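K.L.:
Sequence and predicted structure, then a few things I'm wondering about:
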Amino acid sequence: MTTNPHVLVTSVAAKVQLIESLTQACRDYGVRLFATDISPNSPALYFADDYQLLPKISDDNYLDALFQFCRDQQIGHIIPTRDQDLLFFAEHSNQLAQQGIGLLMSDSDTIRTCSNKHQFHAACVAKGLPILPQLAPDELHYPCVAKQAYSSAGTGVHLLSDQAALSQLLAEYPAEAFLFEPYVPYDEYSIDAFYANNGICIQAVARQRLIVVGGESKVSRVVDNPELVALAHRLSSAFDFSGHVTIQAFYVDGRSYLIEVNPRFGGASNLSIVAGLDSPRKLIASVCGDDATVERVNPIQYGLKMLRYSKDLMIQDDVE
């Protein structure tokens, strides 16, 4: 455990409700929550105890700026919220450890595996986990789906209706850039799960994605689905997860099929959090030594529906 008590969340963007939940949890434990982003126009910055603008993670001076801010504010833990941040911190985990900074995320090898659809598919097959079969480019049956190896939030996913659509896609990208799977008209679900530091799944909540826009669920409902919850627990034996993890899966006729796993808070995870999962509090409790809160299985409010909408935030800007 690090000696510095405070917590930093990176790339907060518009994740207002997540930052509100983490800030409240931190205050209850006497800890401060800091937020970072590259732009002052990121609304979630203003819902933390304090914030700092940092360079892009691709900038050469990013780590130096991050380390300096963490030293100045006695920050000992970082929560990444974006896929690119997860990969960056996975690559630099040793440097952060040398600075006394712990990462509140899954194991670095797990991050890399889940970020690459080829590696994730291969890992699921090797562990005997339920997942749709991978198709060879010269053995496709239409319609089928082509997924770019590195993609998220629905980007890089192509529905191919015929050979002409495949030819057009391969005219722009090499075939190895994609994972090909059969198209299935199954209902799609998300499972939000919280894993303890030892990789054990403490609790999971399934939610049906009723309306999806741009890869993110805009209307979701919490459902009582033991098969999907069991799938989250089953993943404990296959991956070294820690903290909040968002699992995407198909479900049909009592069977589930993994789509992908995002080892971070998902865009609509707030529904599961409010329904009872309360993973922001568990995450902060885990670094404050409150094992009872981490291990507590909470009652879940099934049938709770989330309707996402935008809200305006007014802040005083500099007057020129």
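P.N.:
Nice, I can see it.
K.L.:
all helices for the stretch 101-250 of the chain, in order.
P.N.:
Using DSSP state H, counting those that start in this stretch, the helices assigned to the stretch 101-250 of the chain run over residues 108-115, 117-127, 163-170, 226-234.
K.L.:
Point out the one among those helices that comes closest to D28.
P.N.:
Distances from D28 to each of those were compared using Cβ to Cβ; the shortest belongs to helix 226-234, at 26.3 Å. Where C-beta positions appear, they are placed from N, C-alpha and C, glycine not excepted.
K.L.:
Can you dump the C-alpha atoms of that closest one in PDB for me?
P.N.:
Below are the C-alpha coordinates for helix 226-234, written out as PDB (Å, rounded to 0.1, in the frame of the first residue of the first chain):
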ATOM      1  CA  PRO A 226     -28.100 -15.600 -12.800                       C
ATOM      2  CA  GLU A 227     -26.400 -17.000 -15.900                       C
ATOM      3  CA  LEU A 228     -24.800 -13.600 -16.700                       C
ATOM      4  CA  VAL A 229     -23.800 -13.000 -13.100                       C
ATOM      5  CA  ALA A 230     -22.300 -16.500 -13.000                       C
ATOM      6  CA  LEU A 231     -20.300 -15.600 -16.100                       C
ATOM      7  CA  ALA A 232     -18.700 -12.600 -14.300                       C
ATOM      8  CA  HIS A 233     -17.700 -14.900 -11.400                       C
ATOM      9  CA  ARG A 234     -16.400 -17.500 -13.800                       C
END
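K.L.:
for it, packing partners?
P.N.:
Under the contact criterion of 3 or more Cβ pairs under 8 Å, 6 or more residues apart in numbering; DSSP states H and E, helix 226-234 touches strand 187-195, strand 201-213, strand 243-252, strand 255-262.
K.L.:
Check which residues of stretch 230-250 are buried.
P.N.:
Neighbour counts over stretch 230-250 (16 or more other Cβ atoms under 10 Å) mark 231-232, 234-236, 238-250 as buried.
K.L.:
give the contact list for F180.
P.N.:
By Cβ atoms under 8 Å, 6 or more residues apart in numbering, the contact list for F180 reads 134-137, 140, 144-147.
K.L.:
Bridge partners for it, pull those for me.
P.N.:
Bridge pairing for F180 (DSSP bridges) gives the partners L135, A146.
K.L.:
distance of T110 from F265?
P.N.:
According to Cβ to Cβ, to the nearest Å, T110 stands 16 Å off from F265.
K.L.:
Have a look at the two and say which one is more surrounded.
P.N.:
Applying other Cβ atoms under 10 Å to T110 and F265 shows that F265 carries more neighbours, namely 27 against 23.
K.L.:
which of the helices and strands packed on helix 226-234 is buried the deepest?
P.N.:
Counting by mean count of other Cβ atoms under 10 Å, strand 187-195 has the highest mean neighbour count of these, with a mean of 23.
K.L.:
Average pLDDT for that strand, rounded please.
P.N.:
Averaging pLDDT along strand 187-195 yields 97.
K.L.:
From the contact counts, what lies against that strand?
P.N.:
strand 201-213, strand 216-223, helix 226-234, strand 243-252, helix 270-272, helix 279-287.
K.L.:
Now do that strand and strand 216-223, the angle between them.
P.N.:
Orientation of strand 187-195 against strand 216-223 (axes from the mean of the first three to the mean of the last three Cα atoms, to 10 degrees) gives an angle of 80 degrees.
K.L.:
Quickly run through the sheet partners of strand 187-195, with directions.
P.N.:
Take DSSP bridges as the rule and strand 187-195 pairs in its sheet with strand 201-213 (antiparallel), strand 243-252 (antiparallel).
K.L.:
what's the angle from it to helix 226-234?
P.N.:
Using the same axes, to 10 degrees: strand 187-195 against helix 226-234 is 40 degrees.
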